[in-house]
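> sequence and predicted structure are below.
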Amino acid sequence: MTGIDVDREQDAPVVTVTVVYHSVHGHTRVLAEHLAAGVRLVPGARVHLAEIRPEDVTAGRWHDAEVLALIGRSDAIVFGSPTLMGSVSAVFKAFMEAAFTPFTTQAWKDKLAGGFTMSASQSGDKLAVLEQLAVFAAQMGMQWIGVGDMPGNNWSGGSRDDVNRLGSWLGLMSQSHADLGPEQAGSRGDLITAERYGERIARLAQRWVNAVPYDTSRMTEHEARALSASLREAEDVPAAMAGA
Ligand SMILES: Cc1cc2nc3c(=O)[nH]c(=O)nc-3n(C[C@H](O)[C@H](O)[C@H](O)COP(=O)(O)O)c2cc1C
């Protein structure tokens, strides 16, 4: 992120948020769309929806050059997957593994990140998915943003329509009844929480790009090893001792 692009009409910093998600039956897609609607509320914020498609996975390897290029141009990336067997879906995991290439050059370092998941059970082990996504973002050197809303549906007057009704802060959780189609995905509260989360990410992205411009240090693994070796050499520490 070098320099600040300003939307003159709206007098706001331009930021690009990409929502990268997989959905088998469409419920997670609805969540992604509401998240994007929240981003659009922010003047200057641009949003893209990038669906990870099973047809782009061949022999377990995902590839879509356009999606990777889009992510490369984005200030914030929000990752989303249904919870399947307490994990991100196999298709989304293939996307995560394809990020090994940008990992090696730290290409996504210091971009903002967030995550969301949809499942049928109230808990359904959704937290495991958000943890998986947050660890992934950390490996990519990204800055994670959680949900910033107080918990709902945690008292006698609460309901499914409450904001953050599942009380999740690491990322966005939503729940859809297993017998209902995507047109009834989540609850009203979940969809409002998704919009609020999208808006939060966009506003924080604006704050992030508006900060003092800088170029963060990036190193490939090879360069990191060379740096360690030169430091050892300068201190005259034998490699065997330094690595003990
Ligand atoms: C193979 C499979 C595994 C699932 N595992 C879980 C699970 O671990 N926890 C849960 O609450 N729901 C689970 N579900 C339900 C889905 O998370 C739920 O139907 C979700 O809405 C699917 O989202 P999608 O329509 O975006 O694909 C599972 C469904 C399938 C088909």
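Received, thanks.
> average pLDDT across the top helix by length along the chain?
Counting by DSSP state H, the longest helix found in the chain is helix 188-210. If you average the pLDDT over helix 188-210, you get 95.
> just name the shakiest helix or strand of this protein by mean pLDDT.
None of the helices or strands of the chain scores lower by mean pLDDT, DSSP states H and E than helix 239-242, at a mean of 58.
> check contacts around the residue of the chain found nearest the ligand.
Residue nearest to the ligand within the chain: residue 124 (2.0 Å; Cβ to the nearest ligand atom). Placement of C-beta: from N, CA and C, glycine included. Applying Cβ atoms under 8 Å, 6 or more residues apart in numbering, we find residue 124 in contact with 83, 86, 175.
> from those, which is closest to residue 74?
Checking these against residue 74 with Cβ to Cβ, the nearest one is residue 83 at 24.4 Å.
> which residue packs closest to the closest one, ignoring adjacent ones?
The shortest distance from residue 83 to any non-neighbouring residue, by Cβ to Cβ, 6 or more residues apart in numbering, is to residue 119 (3.7 Å).
> okay, now that neighbour: neighbour count?
When neighbours are defined as other Cβ atoms under 10 Å, residue 119 has 22 of them.
> tell me which residues of stretch 221-236 come out buried.
For stretch 221-236, a neighbour-count test (16 or more other Cβ atoms under 10 Å) marks nothing as buried.
> tell me the secondary structure at the closest residue to residue 141 other than its chain neighbours.
Closest residue to residue 141 apart from its sequence neighbours, by Cβ to Cβ, 6+ apart: residue 109 at 3.4 Å. Here residue 109 is recorded as coil under DSSP: H, G, I helix; E, B strand; the rest coil.
> what of the one 5 residues further on?
On the three-state scheme (three-state DSSP), residue 114 is labelled strand.
> which strand residues bridge it?
Beta-bridge partners for residue 114, by DSSP bridges, are residue 78.
> ok, back up a step: so the residue nearest to residue 141 touches residue 216, yeah?
Yes. Applying Cβ atoms under 8 Å, one finds residue 109 in contact with residue 216, separated by 6.0 Å.
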